[in-house]
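S.K.: After the sequence you'll find the predicted model.
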There are 2 protein chains.
Amino acid sequence: MNEKIKKYKLLNIKLTPQRLAILDYLEGNRMHPSVEQIYKHVSRRFPSMSYATVYNVVNTLVKHKVVKELSIDPDKKRFDPDMHTHHHMVCIKCKKIMDIDIDYSLHVPEQVLEGFTLMGNHIEFYGICAQCRGKDKD
Amino acid sequence: MNEKIKKYKLLNIKLTPQRLAILDYLEGNRMHPSVEQIYKHVSRRFPSMSYATVYNVVNTLVKHKVVKELSIDPDKKRFDPDMHTHHHMVCIKCKKIMDIDIDYSLHVPEQVLEGFTLMGNHIEFYGICAQCRGKDKD
DNA sequence: ATATTAGATTATAATCATTATAATTATGAA
DNA sequence: TTCATAATTATAATGATTATAATCTAATAT
């Protein structure tokens, strides 16, 4: 049994070919794909795949903390298989998302928290990427 | 002519009663309301108001940089009339959003930017608020 | 190996947020 | 007061996501 299967065995979910195909596509993927992008890619080799399956699978993976759901793009959810703490830089024109792998220490004083239990943070840097900057300004 | 009307005159948009009612509701509002919440509040005094108007008005206000559109909540857009740079703390249970008014200096080295032109940043702290913590754990 | 069953996939319908359309109405300038 | 432009409204359309129910299959026990 290979390493990947071993790894996902730990989740105690059934390892269907659809799930493995989606996991394959996501593994190491730095594009922060949407459900549509996952569907379009995986359904090439898996023509019977339905959108519902992609939604089911990514929701399961999010629940099992194998992928992160990003709400950076206000129009659709995007997914990130990189579970270690990191941040993102978004191009406001083309919506491309790049990883920012810097450790910032973000302290919030007790009196600001008002009893809130902090679990993490995520920084969204925004601006315009080199490619979009190169095109006609508007 | 009062101060508020003077202020919005500068936008060069027509000052309709609907817009003033929405602006009144948003001004100083720290709840980060959704379109639904804005509609429900404003339509109490304005029964003829339609959802389309709320969408039109908030989109106009976002375009004129009078309110900020937040994508913290993956299910719906939320709006913040506070335009000065600040951050947010979200309860993952009740989705309440609180302001974090701390100035963090977040530097990104040139070689990480890869030509990206930074325009700003926004930190999302997440965790569980005091009220939700108090309720039954799950 | 086979049967069993809980869970997964699929097609499809339903829902919710949001945008588009077109007709009516109202603001603000002349 | 008139008028052109822009805003509001009702409603249809779209797009993302979730729900439903029937079928199918992975994993376990026989």
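M.R.: Now that the structure is in, tell me what you want to look at.

S.K.: Going along the chain from the lowest-mean-pLDDT helix or strand in chain A, find the next helix or strand for me.
M.R.: Ranked by mean pLDDT, DSSP states H and E, the helix or strand of chain A with the weakest confidence is helix A:3-9, at a mean of 76. On the C-terminal side of helix A:3-9, the closest following helix or strand by DSSP states H and E is helix A:17-26.

S.K.: Could I get the buried residue list for the helix or strand following that next one?
M.R.: Scanning forward in sequence from helix A:17-26 by DSSP H and E, the next helix or strand is helix A:35-45. For helix A:35-45, the buried set under the neighbour-count rule, 16 or more other C-beta atoms under 10 Å in any protein chain shown, comprises A:35, A:37-39, A:41-43. C-beta here means a position set from N, CA and C on the backbone, and glycine is covered the same way.

S.K.: Just give me how far the least confident helix or strand of chain A sits from the chain centre.
M.R.: Its chain's average C-alpha position is 20 Å from that of helix A:3-9, according to C-alpha atoms, centre = their mean, to the nearest Å.

S.K.: Contact partners for residue A:108?
M.R.: Counting by C-beta atoms under 8 Å, 6 or more residues apart in numbering or on different chains, residue A:108 makes contact with A:118, B:89, B:100, B:102, B:125.

S.K.: hang on, residue A:123 in a strand?
M.R.: Yes: judged by DSSP: H, G, I helix; E, B strand; the rest coil, residue A:123 forms part of a strand.

S.K.: So what sits opposite it in the bridge?
M.R.: Legend: beta-bridge partners of residue A:123 under DSSP bridges are residue B:123.

S.K.: ok, it touching residue A:88?
M.R.: Yes: counting by C-beta atoms under 8 Å, residue A:123 touches residue A:88, with 7.4 Å between them.

S.K.: Overlap in contacts, those two.
M.R.: Common neighbours of residue A:123 and residue A:88 (criterion: C-beta under 8 Å, 6+ apart): residue A:100.

S.K.: Turn the buried residues of helix A:35-45 into TSV, columns for distance to residue B:133.
M.R.: What follows is these, written out as TSV (distance: C-beta to C-beta, whole Å):
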residue	distance to residue B:133
A:35	32
A:37	37
A:38	35
A:39	38
A:41	40
A:42	39
A:43	42
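
S.K.: and which of the residues you listed is nearest to DNA strand D?
M.R.: For those, the closest approach to DNA strand D (C-beta to the nearest atom of the strand) belongs to residue A:35, at 4.3 Å.

S.K.: Which residues of chain A lie near DNA strand C?
M.R.: Within chain A, the positions near DNA strand C by C-beta under 7 Å from any atom of the strand are A:13-14, A:16, A:18-19, A:46, A:48-53, A:56-57, A:60, A:74.
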